[in-house]
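Colleague: how does the following fold in three dimensions:
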Amino acid sequence: MNIKKFKFYILVVLAALSLVLILFSTVFGYDPERFGSILQTYGVPELLYISWVILATATTLPISAVMIAGIIYFSFFYAMAYTFIGMLIGSIGTFYASRWLGKDFVKEAAGLKGKGRIHILNQLVHKHSLVYVILLAFVYAFPSNLAYMIAGATDIKFKDMLAIIIFGNLTTALGVGWIILGVVGGSLRFILGGAALILLVNVIPLAMYWQHLKKLVVLAYSEKAYRKLVEAERMIEKDYGIPLPKKRQAR
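Modeller: Next up, the predicted model:
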């Protein structure tokens with residue numbers, strides 16, 4: 001078997017496993033109360049907490065459950081510091097693991113000709129990888145670990161990925177931390193502040209890149225509908241001189 005394809009299949013399996021872990025979070029005892037009791041008995045609670053955050057960052061396990069226990073046990077400041085360290089290690093580790101496993105195959109597959117939704121999706125993700133990585137990392141409802149995998153498997157530079165992590169994931173984590181602090185301490189100000197920060201982080205990329213997201217939704221519904229949408233955009237650009245989002249023209 002082609003070694004590039006074999007490594008890519010490993011990446012696909014790891015991605016699938018990371019996504020389904022959320023379904024078994026209750027089986028693993030992934031809840032704040034259990035975390036809090038373990039932190040109280042563990043010799044180096046800081047190391048254990050950071051390890052939990054790394055695992056949650058690289059998968060779809062709920063990081064908020066870890067943060068609740070951390071904020072109660074460590075205090076808000078230290079819990080957020082450890083959370084940021086764990087998220088950076090988890091996201092950067094996922095990025096480079098994906099780069100080693102998938103970039104060679106993805107680069108090779110992007111140049112292949114083909115038909116069908118899978119081929120179109122591959123072309124879209126490869127061509128607009130930065131857009132989809134931003135959407136996955138910033139929008140709270142999307143699995144951000146896929147953002148690190150896509151970034152690693154495409155041509156996105158590390159400095160760009162690091163900026164996305166800082167302004168997207170870490171900022172969202174700060175908002176979640178404020179909400180948890182507000183609930184624990186009974187402060188409506190922190191709850192509203194955290195919710196506003198998360199909303200801001202979510203709305204900005206959606207407002208900027210909704211056209212790209214629409215294409216994915218239409219493609220998921222029907223390949224025929226997607227091709228009609230693309231053709232309609234080309235007609236608008238040709239007849240009215242309105243550029244598509246991917247080709248901003250200088251006036």
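
Colleague: nearest residue to the residue nearest to the spatial centre of the chain other than its sequence neighbours?
Modeller: Against the mean C-alpha coordinate of the chain, by Cα atoms, centre = their mean, the closest residue is residue 144 at 1.5 Å. The shortest distance from residue 144 to any non-neighbouring residue, by Cβ to Cβ, 6 or more residues apart in numbering, is to residue 137 (5.0 Å). Placement of C-beta: from N, CA and C, glycine included.

Colleague: does the one you found touch residue 168 like I think?
Modeller: Yes - taking contacts as Cβ atoms under 8 Å, residue 137 lies within contact range of residue 168: 3.9 Å.

Colleague: which parts of the stretch 151-251 of the chain are helices?
Modeller: Remark: helices assigned in the stretch 151-251 of the chain by DSSP state H, counting those that start in this stretch are 158-164, 171-185, 188-221, 223-240.

Colleague: deepest-packed of these, please.
Modeller: Stretch with highest mean neighbour count among those: helix 171-185 (a mean of 19; mean count of other Cβ atoms under 10 Å).

Colleague: circling back to that earlier point, what about the residue nearest to residue 144, how many neighbours?
Modeller: Neighbour count for residue 137, taken as other Cβ atoms under 10 Å: 26.

Colleague: need the contact partners of stretch 64-81.
Modeller: With contact meaning Cβ atoms under 8 Å, 6 or more residues apart in numbering, stretch 64-81 is reached by 25, 30-33, 35-36, 39-40, 45-46, 49, 52-53, 56, 82-83, 173-174, 176-177, 180-181, 184.

Colleague: and whichever helix or strand residue 90 is part of with helix 171-185, angle?
Modeller: Counting by DSSP states H and E, the element that carries residue 90 is helix 76-110. Interaxial angle, helix 76-110 versus helix 171-185 (axes from the mean of the first three to the mean of the last three Cα atoms, to 10 degrees): 150 degrees.

Colleague: what mean pLDDT does helix 76-110 get?
Modeller: In this model, helix 76-110 has an average pLDDT of 89.

Colleague: can you give me the angle that helix makes with helix 188-221?
Modeller: Orientation check (the same axes, to 10 degrees): helix 76-110 against helix 188-221 gives 10 degrees.

Colleague: pick out the shakiest of the helices of the stretch 151-251 of the chain, pLDDT-wise.
Modeller: helix 223-240 - the lowest mean pLDDT of these, at a mean of 68.

Colleague: ok so, going back, isn't the residue nearest to the centre of the chain right up against residue 169?
Modeller: Yes - using Cβ under 8 Å, residue 144 is in contact with residue 169, at 5.6 Å.

Colleague: nothing else from me, thank you.
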